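A.B. asks: could you work out the structure for the sequence below:
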Amino acid sequence: MSKQHPLNSPLQTPHSGFHWTGNRQFFEGWYYRITLPQVRQTFAFMYSIQNPVAGEPNRGGAAQILGLDEAYLCRTFPDVDRFWAWKDALGHGHWRKAHPQQPAGFLEPEAFEREVQEGYQATAAWHQGILQDPGSAKTARWQFALEPIYGWGHPQHPQQSTAGWLSKFQIFEPGWQILMAHGLATGWVDWNGQRYSFDRVPAYAEKNWGGAFPQKWFWMNCNSFDLQPDLALTAGGGRRQVLGWMESAAAIGIHYHHQFYEFVPWNSTVRWEVHPWGYWQMQAESDRHIVTIEATAPHQPGTMVRAPTPEGLAFVCRDTTRGQLQLKLWQKTGPTLQSIVDAQSDLGCVEVGGGPWQEPWRSE
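C.D. replies: Predicted coordinates for the structure are as follows:
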């Protein structure tokens, strides 16, 4: 099965390609997730590359999975020569063990199975890999096709940069781009010998890149709402660097019934209250719409996962894929509000990172 280089995909977003130019400390990280609503499980795949040139400190790559019941698996890939990425489209991979004559680059699925003993490859259309942790005996194998439905923006228009047009100048640290706000995945994941097959289940993808993660951040995401198969939410905020200054900023994006509702600092007032763990609340108002989001994790301690830091990968963020999330969206119609969305999910993905936090973070 040939997975073509997706240069002509109408849903390819800006910043899909690899950003590294070789002239500074750098990381790029990708996050892909599939949700299996029937068994109330989620698999999140997190990949990263840092300082991808020989001789640089803290160089290398990693693959992390937040898997069944939020169990965690991580493998590092120190050989940067085994990493590859496309500059003009979404495509990247890294492997530790392969046929010695096999150059780094996208492989046909059958060749990957035959040649690669441990590693992964991912594009906008195809996802495949195998990880084996000899210390814990944990294993994971996966193969699935991706069908994007929403990128970032109206599906009939050119796709947008999540951080706006200024993001092409790399004045924000780090960059952030939602690659696929909502899509469908078909294939299988084998987790410690137990195979989960699925057909057209919710899928999501995003990425970050730059010199470092924010000082602290929060994030909420869901595309598996109760009785709302065509609804996708991504929201987040952070204290980030902009041209040498630090600022706190946040954004909300909703795709629903082929419409895109965006709340960002240049078109809306965005407010938030996020606790060190267990409570996330955001509200935003534009000239035409109002949105509120509330998420809790009352019975989920969360799982610590690694993120790039100047000292290399470190456990600096906490995630759960089982947050209780409620989303409400209204349209302003004169003096009254007309409800557009009132949706709930117990498969909300929520995260806090950086810090460490001691007190609730409230927007100024």
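
A.B. asks: host element of the closest residue to residue 296 other than its chain neighbours?
C.D. replies: Counting by Cβ to Cβ, 6 or more residues apart in numbering, residue 296 lies nearest to residue 324, which is 4.9 Å off, once chain neighbours are set aside. The way it works is simple: take the backbone N, C-alpha and C, and place the C-beta from them, glycine included. Secondary structure from DSSP states H and E places residue 324 in strand 312-333.

A.B. asks: what's the pLDDT at the closest residue to residue 257 other than its chain neighbours?
C.D. replies: For residue 257, ignoring the flanking residues on the chain, the nearest one in space by Cβ to Cβ, 6+ apart is residue 230 at 5.8 Å. Listed pLDDT for residue 230 reads 97.

A.B. asks: you'd agree residue 230 is up against residue 259?
C.D. replies: No: if you go by Cβ atoms under 8 Å, residue 230 and residue 259 don't touch, sitting 10.1 Å apart.

A.B. asks: burial count for the residue nearest to residue 296?
C.D. replies: Using other Cβ atoms under 10 Å, residue 324 has 17 neighbouring residues.

A.B. asks: quick one: the helices in the stretch 101-250 of the chain, in order.
C.D. replies: Here the stretch 101-250 of the chain has its helices, by DSSP state H, counting those that start in this stretch, at 109-115.

A.B. asks: where does it dip in pLDDT?
C.D. replies: 101-102, 164-173, 240-246 (pLDDT under 70).

A.B. asks: what about the strands in it?
C.D. replies: In the stretch 101-250 of the chain, the strands defined using DSSP state E, counting those that start in this stretch lie at 116-123, 126-133, 138-150, 172-173, 175-191, 194-210, 216-222, 231-242, 245-256.

A.B. asks: winner for burial among the ones you listed?
C.D. replies: Compared across these, strand 216-222 shows the largest average neighbour count, a mean of 25 (mean count of other Cβ atoms under 10 Å).

A.B. asks: mind giving me the packing neighbours of that one?
C.D. replies: If contacts are counted by 3 or more Cβ pairs under 8 Å, 6 or more residues apart in numbering; DSSP states H and E, strand 216-222 sits against strand 231-242, strand 279-285, strand 312-333, strand 336-354.

A.B. asks: lowest-confidence stretch among those?
C.D. replies: Among those, strand 231-242 carries the lowest mean pLDDT, at a mean of 86.

A.B. asks: just the CA atoms of that strand, as CSV, please.
C.D. replies: This file holds the C-alpha atoms of strand 231-242, laid out as CSV (Å, rounded to 0.1, in the frame of the first residue of the first chain):
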residue,chain,number,x,y,z
LEU,A,231,-17.2,18.4,16.9
ALA,A,232,-13.6,19.1,17.7
LEU,A,233,-12.1,21.4,20.3
THR,A,234,-8.5,22.5,20.9
ALA,A,235,-7.6,25.1,23.5
GLY,A,236,-4.5,26.1,25.3
GLY,A,237,-2.3,28.8,26.7
GLY,A,238,1.2,29.4,27.9
ARG,A,239,3.7,31.9,29.1
ARG,A,240,6.0,32.1,26.1
GLN,A,241,8.8,34.2,24.7
VAL,A,242,8.0,36.8,22.0
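
A.B. asks: what pairs with that strand, parallel or antiparallel?
C.D. replies: Partner strands and pairing direction for strand 231-242 (DSSP bridges) are strand 172-173 (antiparallel), strand 216-222 (antiparallel), strand 245-256 (antiparallel).

A.B. asks: dump those strands into CSV; add distance to residue 317 as well.
C.D. replies: Putting the strands paired with strand 231-242 into CSV (distance: least, Cβ to Cβ, whole Å) gives the following:
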stretch, distance to residue 317
strand 172-173, 17
strand 216-222, 8
strand 245-256, 16
